[in-house]
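Peer 1: whatever this is, show me its structure:
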Amino acid sequence: MLAPRTTYTARMKRAPTPSRLAGAQPWLITGYGLLIALVIRGGIDRPPYDDAYFFKRFALNFLDHGVFAWNVADGPVYGNTSQLLQLIVTALSALTRTHTLFALRLVLGLSLVLGFAIAVRTAARHGAVLAPSLGFCSPVMLLCALSGMETGLAFALLAALCAVLDPVRDPRAHWLVAPLLVVAIWLTRPDATLLAAPIMLGLCWWRTRELPLRELLVSAGLIALSLMAFRVYYGSALPLPFYAKQRAFSPYDAHFVALSAQSIRMRFSVFAWAALPLACLALTRLDPVNLTLIAAVGCFELYHLLGIIDVMGMHGRFYAPALPILIFAASRAERQHTSARHTLGLVGIYAISVTLLASTHWWPIGPLANDENLTRAYYILGTLAGAGALCVAATRFANLGAAVVVALALLATAVSFHPKLRTPPDDRSYLLLHESRNTVYRGLETLRACFGDAIHVYHSEVGVVGLRFEHGRVTDLAGLMSPDWLFQRTTFDTACLSDRPEAIFLPHRNYAELNREIQTSRCLRDYTRVIAESSSPLHIRNDLLARYQGCSARMP
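Peer 2: Numbers count the residues shown, from 1 in each chain. This next block holds a predicted model:
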C-alpha cells in the first residue's frame, strides 16, 4: 500500500491571511445569480446553437426506443461529445418534452453560479476576490447559459478541481475527489482533460513532492473503462466530432478548412478579451504552482489554435475552459501587488496588450462583435473593468472593485439584450426562431406540413432538422452522425440511390467540394430544386414534386 502523504513545503502550507473580502462573498454570489437570471431573461428569444438540438434527439430516441441513436434504425452512434450533458438532457426530456431547452438553460445558469461561488470561495482563501468577477462576468462565460452546450458545466467542474487542488489545503483530505473530477471533466469536455490531468499531477507533485500514483491510477483507469464502454456500445471509443474537427483526421475539404481558419481570430479574441487581465495578474506570481497552471493553459490553447478546425466555436467556447484555471492562478497572485509602481506596470502591460490586439484585428469590436451577436458595450465596459480591477487589486478597495465588475456586467447585459418574447418559449418556438434567422432551413416547414415528420431528409445542418423530423430519418451530410459518411466509406450517389430520400437540402455552401460532388451526381437528377435563395437549396424527389407544389400553393 502507498504510504499516506504527510509532507508538503512549509511555504505552501502557510495560507495567506484571510482578508476582509470574505464578508463580500454572499453579496457577490447573490449579485452574480441576478446577473445570470438577467442573461437568461434578456436572451430568452435567442435560440441555442444548432448542435444543442442534437442532445434532445438522442434523448428522445433513448426514452422512446432505448437507444442513444441519431436514427433509431442505424443503432447507437457517438455523435455527441459530452456524454455527461447527454445524460442531463435525457433526464430533463423525461421531465418535460416541451420545454427541455429552457430547462437546460436553467441548469447551465446554475452551473455558472455554482462555478462562480466555488471560485470566489477559493479566491477568498488567498485574500482575493477580483479574479472570479473578471472571468465569470465576461461574455465568453455568461453566454454559455444560452448556448445549450456543455461549456458552463465544464466551468463548474474545473473551478471545483482548482478548489480541491489548492495548495493551501491539506493534501491528505479527500484525495479521491480530484481524480473523480478529472473523469467528470473528461465526460463533459474530453479536450478539457488536457487541462485537468496535468494540473492534477503537477499540483499534487508540488504539494507532496511525490508522484500522485493513486490519483493517476484512478483517473486513468476510469477513463480507460469509459473508452472501452464507448467502443463496445457506439463502435467508436472517441466521439465522431473529434475526428471531424482534428486537422490530422478531418475529411473537410481545403475550402472549408480555410473558411474555418478565418473565424479563429474572431472567436479566439472573445476568449482573449476575458483572459488578458487574468493572465496579467497570474504572471505576477510565477511560483511552481502558477507556472504549472499557466503552462497547462498555454498548451491547451495551442492545441486548439493549431490542431482543431474551429466549427461551431462561437463565443470562444473551444478556448473557454482555460478561464477557471486562469481565475485560480490570478487569485493566487491578486494580493501580490504591494506598490504603486508594480500596479502601474501591470496596467501598462494590459494597455499595451489591448492596443496590440486591436491593431492586429484580434480584438472583438466593430464588425467582429456583430458576428458574435454581442454589442460594443460588452467590450468597452469589460476593458474598463479589467483595467480598473488591476488598479485596485492590491488595495483595500478590491471588494468594491469586484462589485463594480459585477455591476458593469449587469449594465452591459441590460444594454445588449432586448427580448421580444415575454414568457419562456417551448422547444418548438426555439426551432422556429432558429429557422427564421437562417436561410439554410428555407422550405423546411412547408416540407413538414406537406409530408409529415416521418420522412427521410438529407442536410448538413441537422440540429433543427433532427427535431422537426423527430419521427423520420435525417442523414447528416457533414458526417457527425454517421461514421460511413465521416470516414467516406460511401459516396453520395451510392447512399442516395439506395436511400431515395424524399428531400435533399444541399450542404451549406461552405462545403464547396461536397456540393460539387452532389450537384454532378446521378442521383440528384431525380430531384428538382424548389427553394433557390438559400445557403442550402431544397430539392424534392421528382415523383413527389406535384404533391409538394400543390400543397405549398395552398399554404398561407
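Peer 1: state the mean pLDDT of stretch 119-126.
Peer 2: Computed over stretch 119-126, the mean pLDDT rounds to 89.
Peer 1: run the chain-centre distance for that stretch.
Peer 2: 24 Å (CA atoms, centre = their mean, to the nearest Å).
Peer 1: neighbours around E502, how many?
Peer 2: 24 (other CB atoms under 10 Å). For every residue, glycine as well, the C-beta is placed using N, CA and C.
Peer 1: who are the neighbours in contact with it?
Peer 2: Contact partners of E502, counting by CB atoms under 8 Å, 6 or more residues apart in numbering, are 451, 455-457, 540-541, 544.
Peer 1: now render those as CSV, adding neighbour count and distance to A156.
Peer 2: Below are these laid out as CSV (neighbours: other CB atoms under 10 Å; distance: CB to CB, whole Å):
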residue, neighbour count, distance to A156
F451, 20, 43
I455, 19, 40
H456, 18, 40
V457, 24, 36
I540, 24, 46
R541, 19, 47
L544, 18, 48
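Peer 1: and those, which of them are in strands?
Peer 2: Counting by DSSP state E, those place 456-457, 540-541 in strands.
Peer 1: can you tell me which of those residues lies closest to G443?
Peer 2: Comparing the ones in strands among the contacts of E502 against G443 with CB to CB places I540 closest, at 8.8 Å.
Peer 1: now the helix or strand where W27 lies: buried residues?
Peer 2: W27 belongs to helix 25-42 when assigned by DSSP states H and E. Using 16 or more other CB atoms under 10 Å as the test for burial, helix 25-42 gives 25, 28-29, 31-33, 35-36, 38-40, 42.
Peer 1: same thing with stretch 460-476?
Peer 2: Of all the residues in stretch 460-476, those buried under the rule 16+ other CB under 10 Å are 460-469, 472-476.
Peer 1: got the domain boundaries for the chain?
Peer 2: By the assignment in automatic domain parsing, the chain contains the domains 27-416, 438-554.
Peer 1: which one of those domains lies nearest to L431?
Peer 2: Closest among the domains of the chain, using CB to CB: domain 438-554, at 5.4 Å.
Peer 1: helices along the stretch 351-500 of the chain, start to end?
Peer 2: Along the stretch 351-500 of the chain, the segments classed as helices by DSSP state H, counting those that start in this stretch run 367-371, 376-392, 398-416, 427-436, 444-451, 462-468, 483-486, 492-499.
Peer 1: and the stretch 1-150 of the chain, by the same measure?
Peer 2: Assigned by DSSP H, counting those that start in this stretch, the stretch 1-150 of the chain shows helices spanning 10-13, 25-42, 52-65, 83-95, 100-125, 130-136, 139-142, 144-147.
Peer 1: so which of those is the most packed in?
Peer 2: Each of the helices of the stretch 1-150 of the chain was scored by mean neighbour count; the highest is helix 130-136, a mean of 31, by mean count of other CB atoms under 10 Å.
Peer 1: next one: R522 from F492, what distance?
Peer 2: Using CB to CB, to the nearest Å, R522 is found at 10 Å from F492.
Peer 1: look at these two and report which has more neighbours.
Peer 2: Comparing R522 with F492 by other CB under 10 Å, the one with more neighbours is F492, at 21 against 10.
Peer 1: I figured that one hits C523, correct?
Peer 2: Yes: between F492 and C523 there is a contact under CB atoms under 8 Å: 6.9 Å.
Peer 1: could I get the pLDDT score of L467?
Peer 2: 95.
Peer 1: R422 too?
Peer 2: On the pLDDT scale, R422 gets 68.
Peer 1: ok, I455 next?
Peer 2: 96.
Peer 1: follow-up on the earlier one: so which two of the ones in strands among the contacts of E502 are the farthest from each other?
Peer 2: H456 and I540 (12.3 Å).
Peer 1: so what sits against both of those two?
Peer 2: Each of 502-503 lies in contact with both H456 and I540 under the rule CB under 8 Å, 6+ apart.
Peer 1: where is pLDDT lowest across the buried residues of helix 25-42?
Peer 2: Q25 (77).
Peer 1: from P132, how far off is the residue nearest to it when sequence neighbours are not counted?
Peer 2: In space, and not counting its chain neighbours, Q25 is closest to V120: 5.3 Å by CB to CB, 6 or more residues apart in numbering. For V120, the distance to P132 equals 5 Å [CB to CB].
Peer 1: kindly report the same for I540.
Peer 2: I540 is 54 Å from P132, where distance means CB to CB.
Peer 1: got it, and R57?
Peer 2: Taking CB to CB, one finds R57 at 36 Å from P132.
Peer 1: likewise for S436?
Peer 2: On the measure of CB to CB, S436 and P132 end up 37 Å apart.
Peer 1: leaving out the residues flanking it, which one is nearest to the most centrally placed residue in the chain?
Peer 2: Nearest to the mean C-alpha position of the chain, counting by CA atoms, centre = their mean, stands T151 at 3.6 Å. Nearest non-adjacent residue to T151, counting by CB to CB, 6+ apart: C144, 4.4 Å away.
Peer 1: and for R509?
Peer 2: Distances taken as CB to CB, 6+ apart put S535 closest to R509, at 5.0 Å, once the chain neighbours are dropped.
Peer 1: that's a helix at that neighbour, yeah?
Peer 2: No: S535 sits outside any helix when classified using DSSP: H, G, I helix; E, B strand; the rest coil, being coil.
Peer 1: pretty sure it contacts H508?
Peer 2: Yes: with contact defined as CB under 8 Å, S535 counts as touching H508 (5.4 Å).
Peer 1: quick check: neighbours shared by those two?
Peer 2: Shared contacts of S535 and H508, counting by CB under 8 Å, 6+ apart, come down to V440.
Peer 1: of those two, who's got more company?
Peer 2: Here S535 and H508 are compared on neighbour count by other CB under 10 Å; more neighbours surround H508, at 21 against 17.
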